[in-house]
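Undergrad: let me see the structure of the following:
(2 chains)
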Amino acid sequence: MSALALLGAFGTLLFAGYGLLTLLIRQQTRFSLTEQIAFSWLLGAGAVSLLLWIFGLFVHGVLLPRLVAIVCLALGFVGWRRMVPRPLRRRATSFEILLGIIIVIEIAVVFYLSFVHTLGWDGLLNWEIKARYAFANGGILPGTYFSDSGRAFSHPEYPLAIPFTELWLYFWLGEADQFCAKTIFPIFYVVGIFLLIALGKRLAGREWIGLLVAPFLFFVPQITVEVGSAIAGYADFPLSVFYLATIGCLFCAAEQGNAAFFRLYAACLALLPWVKRDGVILWTVAAACGVFVILRTKRSPLFFLGLLPGLLVICGWHFYLRTMHALRPADFLPVNLETLGSHLYRIPPLLSAFLAEFYNLPTWSLFWFVVAIGVAHLSRRMGNPRVLVLLAALIVPIFLYLLIYVFSSWPSYLDHVGLSISRLLMHVAPVGFLVTILAVSSRSEKNPARVREGRGVTCVTAGSERTPVVELA
Amino acid sequence: MTSRFSYGRIAHVVLWCGLAAASLWVSIPKIYSGATQYPLRPTGPLHTCDSYLKFATGASGASKDLISIFHSMTASKRIVIFTRKDDPFSSGLGMTTAYLASPHLVRLFEINGTHPDNELSKMNPNEVAAVVFCRINRPTWLPAGKVFGSGLEVVSMPEKVRR
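TA: Residues are numbered from 1 along each chain as shown, chains lettered A, B, ... in the order given. This is a model prediction of the structure:
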């Protein structure tokens, strides 16, 4: 019975996401099945959680999930009629099949690990707690929760994408179930892998590069088995997948005339601050990269409207917290020049702490070393705005994260760093994989004949991949 | 014409293959130990809370009992939870109990030492539904409560508490 309920919850979520995907793509670009599943999940999770929150302002009880389900089905039917075009099928090589089998095994292990482990500390007390309380209160968080000082440890001010996706499962299950809530996290891992494969193909022009690099995600301990990993029920890995989707779409949108990817970028961008508070920093970086791309490619000023949904989410959530008289977070001092000036002495120790984290082999293995080589490899191509965007999306958030610890209000700010740095760095880790893919493939790009020969669906060709019907129209 | 097997290309392939092999060499032991460290746990709606409470107190299936105790109390009254400073187990127990105490409002006291007499004496018992002691000794003047394993005790507050 639980399995059926979970299937219903995931089905409606994917249905809604697929509908949104078709609305954003408008049959202008071909998307592989893995891309369609990945974006449907991300957009579906974002849409369902936002709908639960927004509709919850007006209704609660049994009406709330029914209303949301109706919208999901309506979106799904829109998608059914418009269908995202798929690329032409070709026979996979035996090497690609072998890599595919490895990826399937890794995914199976990640699902197994997520069931073996309990929810992590923050997974339970920062995220699942909100889903449980909302479920017990007819789908909305009790007003007292936001101002209850005894539960300030659970960060009532954190946004609701993850807890309300869990809440969606609870509505379908008919009870709050910590075990079933964990199922959404390995799905985010699957989505991350699918995106790496698909974006790898678009970045490098070859299917096998994405298939070859994506399995290495499994071999980063911080992502697979460490505290706060993809299976622990924390929001950090889902946030990193949303960020990967955002930056990957922007990379593809940087091609002239590819507006479909820009719309997809805007949608993923809007969801960053909805997943975690730190998402505002990633939103800022990704939005700045978006502005750079718009200006550099001389797009219409209308493209700036793509930043609006994210701003609405940020302002809407802050306004809601104010209305609910939510307790102010106590982890950071007021961010102003005076505090910055009086805490500048922290920067050298913070730099050391960050550097130490990069070569923390038990947590990261050689991941950052590999990424550093990738960055060095790509530094010759900084003139290419797409490469510049990718490198900025990787490096700037790390510096901003370093800077926020200057404002830490913990008695020992280095303890604060030690507790959260690995999870913060995880936000940009999948983008590090994109950098690696681009670096690995950069050598072969020097030989254009071979690139053309191997190219299937790439960002370069995607822009002109309109279906004949659309072209005729 | 560029040779397909130029030195540059060979060096490129060797570099990335070497990095991949080295990454796997470093990662596999860690991933293997992480993957085989824990056995499958029983599933259930309170699977994580039960696991933590068993780990911290030794009591099995305590979450359900805690919830039913809190549900039997007047919802408008607070649950007061005492934890010990510098004791992560106590702090963890306190937060898990606060999680389970919904819909009651909660007040968490982190105290030095193990005797909360001072804080208790300042409390208005009419506003409190229960006092929870997490790895803290219950004062002898307070009636005994429901004990869960070692280190967790929930004392329902009578209307008047006399010292």
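Undergrad: what does the domain assignment say about chain B?
TA: B:1-40, B:47-156 (automatic domain parsing).
Undergrad: would you single out the least confident of these?
TA: Among these, domain B:1-40 carries the lowest mean pLDDT, a mean of 85.
Undergrad: if we can go back for a sec, among the domains of chain B, show me which one is buried the most.
TA: domain B:47-156 (a mean of 18; mean count of other CB atoms under 10 Å in any protein chain shown). No exception for glycine: its C-beta is placed from N, CA and C like everyone else's.
Undergrad: show me how far it is from its chain's centre.
TA: Offset of domain B:47-156 from its chain centre (CA atoms, centre = their mean, to the nearest Å): 12 Å.
Undergrad: and what of stretch A:288-305?
TA: Taking the mean of its C-alpha atoms, stretch A:288-305 sits 22 Å from the chain's own mean (CA atoms, centre = their mean).
Undergrad: and the domains of chain B as JSON lines, adding distance to A:Ala204?
TA: Output for the domains of chain B, formatted as JSON lines (distance: least, CB to CB, whole Å):
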{"stretch": "domain B:1-40", "distance to A:Ala204": "13"}
{"stretch": "domain B:47-156", "distance to A:Ala204": "41"}
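Undergrad: of all these, which one is nearest A:Tyr401?
TA: When the domains of chain B are compared by CB to CB, domain B:1-40 sits nearest A:Tyr401, at 23.6 Å.
Undergrad: is the closest one positioned near chain A?
TA: Yes: judged by CB under 8 Å from any CB of the partner chain, domain B:1-40 and chain A are in contact via B:2, B:4, B:8-9, B:12, B:15-16, B:19-20, B:22-24, B:26-28, B:30-31, B:34-35, B:38-40.
Undergrad: filter these down to the ones in helices?
TA: B:8-9, B:12, B:15-16, B:19-20, B:22-24, B:26-28, B:30-31, B:34-35 (DSSP state H).
Undergrad: any buried residues in stretch A:279-299, and which?
TA: A:279-287, A:289-290, A:292-294, A:297, A:299 (16 or more other CB atoms under 10 Å in any protein chain shown).
Undergrad: put the alpha carbons of that stretch into PDB.
TA: The C-alpha atoms that make up stretch A:279-299 are tabulated as PDB, following Å, rounded to 0.1, in the frame of the first residue of the first chain:
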ATOM      1  CA  GLY A 279      20.600  29.100  -2.000                       C
ATOM      2  CA  VAL A 280      20.300  32.900  -2.000                       C
ATOM      3  CA  ILE A 281      24.100  33.100  -2.400                       C
ATOM      4  CA  LEU A 282      24.000  30.600  -5.300                       C
ATOM      5  CA  TRP A 283      21.100  32.500  -6.700                       C
ATOM      6  CA  THR A 284      23.100  35.700  -6.600                       C
ATOM      7  CA  VAL A 285      26.100  34.100  -8.400                       C
ATOM      8  CA  ALA A 286      23.900  32.300 -11.000                       C
ATOM      9  CA  ALA A 287      21.900  35.500 -11.600                       C
ATOM     10  CA  ALA A 288      25.100  37.500 -12.100                       C
ATOM     11  CA  CYS A 289      26.300  34.900 -14.500                       C
ATOM     12  CA  GLY A 290      22.900  35.200 -16.300                       C
ATOM     13  CA  VAL A 291      23.200  39.000 -16.500                       C
ATOM     14  CA  PHE A 292      26.700  38.500 -18.000                       C
ATOM     15  CA  VAL A 293      25.400  36.100 -20.600                       C
ATOM     16  CA  ILE A 294      22.500  38.400 -21.500                       C
ATOM     17  CA  LEU A 295      24.800  41.400 -21.900                       C
ATOM     18  CA  ARG A 296      27.600  39.400 -23.700                       C
ATOM     19  CA  THR A 297      25.300  37.800 -26.200                       C
ATOM     20  CA  LYS A 298      23.400  41.100 -26.700                       C
ATOM     21  CA  ARG A 299      20.000  39.600 -25.900                       C
END
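Undergrad: contacting residues around it?
TA: A:159, A:239, A:242-243, A:246-247, A:250, A:253-254, A:256, A:262, A:265-266, A:269, A:271-273, A:301, A:303-304, A:306-307, A:310, A:314, A:385, A:388-389, A:392-393, A:396-397, A:400-401, A:404, A:427 (CB atoms under 8 Å, 6 or more residues apart in numbering or on different chains).
Undergrad: try 7 Å
TA: A:239, A:243, A:246-247, A:250, A:253-254, A:256, A:265, A:269, A:272-273, A:303-304, A:306-307, A:310, A:314, A:385, A:389, A:392-393, A:396-397, A:400-401, A:427 (CB atoms under 7 Å, 6 or more residues apart in numbering or on different chains).
Undergrad: only the buried subset of these, as a PyMOL command please.
TA: To isolate the buried ones among the contacts of stretch A:279-299 in PyMOL, judged by 16+ other CB under 10 Å, type:
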select buried, chain A and resi 239+243+246+247+250+253+254+265+269+272+273+303+306+307+310+314+385+389+392+393+396+397+401+427
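Undergrad: next step: the contacts of stretch A:279-299 restricted to helices.
TA: Those of the contacts of stretch A:279-299 lying in helices (DSSP H): A:239, A:243, A:246-247, A:250, A:253, A:265, A:269, A:272-273, A:310, A:314, A:385, A:389, A:392-393, A:396-397, A:400-401.
Undergrad: so which of the residues you listed also contact chain B?
TA: Contacts with chain B are made by none of the ones in helices among the contacts of stretch A:279-299, judged by CB under 7 Å from any CB of the partner chain.
Undergrad: close to chain B: what parts of the stretch 151-300 of chain A are there?
TA: Going by CB under 7 Å from any CB, the residues of the stretch 151-300 of chain A near chain B are A:Arg151, A:Phe153, A:Glu175, A:Ala176, A:Asp177, A:Gln178, A:Phe179, A:Phe216, A:Phe219, A:Pro221, A:Thr224, A:Val225.
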